[in-house]
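In: Below are the sequence and a predicted model; questions follow.
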Amino acid sequence: MIERIVEAVAITTSRSASELLQSLAGITISHQSVISLKNYAGEKAKTYEKALAEEEKVEKPTQPEIIAIEGDGIVLKNKKKGGVSEVHRLQVYEGVRKNGNRTELVGLRCFASTSRKELFALVASYLHGHYDLSKTTVLSNGDGGSGYQFQDFERMVEGCLNHQHFRDCYHVHEKIRTRLSFCNRKLIDRIIRELHQTDDIMKQIPVWMDTARSCARTEADLEGVDRLQSYLERNAPYIPSLSQRGIHTEIHLGTAETNHRFYSYRMKRQGRSWSSEGMECMVWVLTARKNKTLTAALLYHANGKSYKKMDRAMHKAAVQTEHKIAQNVRSEAQKRKMRNYRPGCLEGRIGVYGASSSPMGRLARAIQKY
């Protein structure tokens, strides 16, 4: 029941979820109770996801050669007047496969929290516990903001075979279009195209910027060109694409922006604002739904034990219950068999009410002989 209520509030507001439960299920529940259940589920999801991430697998059955890590943040309004808070997101996946006309990520695991330090420590535990990084190439992708730079990802994947960091191409393209908004559209498109074709970006940056300066009409335009040149030179080691670096894989980076929608559609629309507790719990509820672990999280009780031990206990209890049910079924069947039992003729003889030399007497004597 809690899971159904939480799934309703994960896609709409608490008041709407309360009305839906009333009209569809006939359950009268206030929106305050819906919020309380959402916060309860969020805490359970956070506890379960932490236990799952911090568990160290002794045997790693699937060891991919390449894994990808992408991170970005979402800015949300908080309850304080004019204040904002940031939700930090990281996702880990092992590849991409076709699903009809669309593609889906293989081995996707999402993490989100309002605490960046806590989130990065959690992802580091997950990576070192579930993968043998000494044999794995790690591709990281970020927009270069606070917490999403090369050094931050490097600390998470310390000891990996090879770490290649990329500056998110969406943000790079957006920066070029914004700074060179006064230039011709064809010139901007040409710079972006050559950015992912040239072998040495540092040699081409002065050429592109000199061309852009020739189109400037104001001091603000010239300042924008200078700032763009500094940005490109600062991020030049991270801009080249996978093909430019000679990395051949089906992975295409940049999916973190797309997966923002799962969170932003619920938490940013219609000017919604959040308290610190409500924001954290909703983020973990959405993350559990994304990882498809909400049911397991609600059934999970730590009680000082690892979730693996709890799983074994639950499995043992389930087996005992099934055995008891089967035993009861057999018992009922046996009772029905005893009630309907008809033994039939166990011993008998043919009665002869005449001379033994009669036909019936001869038949009886023949049978009794055997």
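Out: Perfect, thanks for sending it. These numbers were taken from a predicted model, which means no experiment stands behind them. Residues are numbered from 1 along each chain as shown.

In: what's the model's confidence in stretch 300-314, averaged?
Out: Across stretch 300-314, pLDDT averages out at 55.

In: How far does stretch 192-211 stretch from one end to the other?
Out: Counting by C-alpha to C-alpha, to the nearest Å, you get 14 Å between the two ends of stretch 192-211.

In: And the strands in the stretch 51-200 of the chain, which stretches?
Out: 66-78, 84-93, 95-99, 102-106, 109-113, 137-142, 162-167 (DSSP state E, counting those that start in this stretch).

In: do the same with the stretch 251-370 of the chain
Out: Assigned by DSSP E, counting those that start in this stretch, the strands in the stretch 251-370 of the chain fall at 273-274.

In: which residues of it score low on pLDDT?
Out: Filtered on pLDDT under 70, the stretch 251-370 of the chain yields the residue ranges 301-323, 325-354, 369-370.

In: how much space between Phe166 and Ile192?
Out: 16 Å (C-beta to C-beta, to the nearest Å). Where you see a C-beta, it was placed from the backbone N, CA and C, and this is true even at glycine.

In: These two: which has the busier surroundings?
Out: Between Phe166 and Ile192, counted using other C-beta atoms under 10 Å, the more crowded position is Phe166 (24 against 16).

In: what bridges to the nearest residue to that one once chain neighbours are set aside?
Out: Sequence neighbours aside, Asn141 is the residue nearest to Phe166 in space, at 4.7 Å (criterion: C-beta to C-beta, 6 or more residues apart in numbering). Residues in a beta bridge with Asn141, per DSSP bridges, are Glu70, Phe166.

In: I'd like to know how many residues surround Asn141.
Out: For Asn141, using other C-beta under 10 Å, the count is 25.

In: Show the model's pLDDT score for it.
Out: 91.

In: ok, it touching Gln91?
Out: No: in this structure, Asn141 is not within contact of Gln91 by C-beta atoms under 8 Å, at 9.8 Å.

In: Mind listing the shared neighbours of these two?
Out: Ile69, Glu70, Gly71, Ala256 (C-beta atoms under 8 Å, 6 or more residues apart in numbering).

In: Return the distance of the last one relative to Asp143.
Out: Think Ala256. As judged by C-beta to C-beta, Ala256 and Asp143 stand 9 Å apart.

In: what is in contact with the two at once?
Out: With C-beta under 8 Å, 6+ apart, Ala256 and Asp143 have common neighbours Asp72, Asp168.

In: Which of these two has more residues huddled nearby?
Out: Ala256 (23 against 19).

In: ok, and the closest non-adjacent residue to the more buried one?
Out: Glu70 (3.8 Å).

In: same deal with Ser85?
Out: Asn78 (4.6 Å).

In: didn't the one you found look like it was pressed against Glu86?
Out: No: proximity of Asn78 to Glu86 does not meet the contact threshold set by C-beta under 8 Å, at 10.0 Å.

In: Need the distance between the two termini of stretch 177-195.
Out: Start-to-end, stretch 177-195 (C-alpha to C-alpha) is 13 Å.

In: what comes up buried for that stretch?
Out: Buried residues in stretch 177-195, counted by 16 or more other C-beta atoms under 10 Å: Arg179, Leu180, Cys183, Ile188, Ile191, Ile192, Leu195.

In: what's the closest of the residues you listed to Asn99?
Out: Asn99 has its nearest neighbour among the buried residues of stretch 177-195 in Ile192, at 29.3 Å by C-beta to C-beta.

In: Contacts only, for that closest one.
Out: Here Ile192 is in contact with His173, Ile176 (C-beta under 8 Å, 6+ apart).

In: Same question for Val34.
Out: Per C-beta under 8 Å, 6+ apart, neighbours of Val34: Ile5, Ala8, Val9, Ser14, Ala17, Ser18, Leu21.

In: Then it would be within a helix, right?
Out: Yes: under DSSP: H, G, I helix; E, B strand; the rest coil, Val34 falls within a helix.

In: Tell me the spacing between the residue nearest to Cys169 when sequence neighbours are not counted and Ala288.
Out: Take Cys169 and drop its neighbours on the chain: the residue closest to it by C-beta to C-beta, 6+ apart is Gly254, 6.1 Å away. Using C-beta to C-beta, one gets 24 Å for the distance from Gly254 to Ala288.

In: In terms of neighbours, single out the busier of those two.
Out: For Gly254 versus Ala288, neighbours defined as other C-beta under 10 Å are more numerous around Ala288 (25 against 13).

In: wait, the more buried one sits on Thr47?
Out: No: if you go by C-beta under 8 Å, Ala288 and Thr47 don't touch, sitting 10.6 Å apart.

In: list the residues that contact both of these two?
Out: Ala297.

In: Ala296 - how many residues pack around it?
Out: Around Ala296 there are 17 residues (other C-beta under 10 Å).

In: Setting the sequence-adjacent residues aside, check what's closest to the most centrally placed residue in the chain.
Out: Centroid check for the chain by C-alpha atoms, centre = their mean gives Asn291 as the closest residue, at 2.6 Å. Distances taken as C-beta to C-beta, 6+ apart place Cys110 nearest to Asn291, at 5.7 Å, with adjacent residues excluded.

In: which residues touch stretch 17-25?
Out: Against stretch 17-25 from outside (C-beta under 8 Å, 6+ apart): Ile5, Ala8, Val9, Thr12, Ile27, Thr28, Ile29, Ser30, His31, Ser33, Val34.

In: Kindly recompute the last result at 6 Å.
Out: For stretch 17-25, the surrounding residues in contact (C-beta atoms under 6 Å, 6 or more residues apart in numbering) are Ala8, Val9, Ile27, Thr28, Ile29, His31, Val34.
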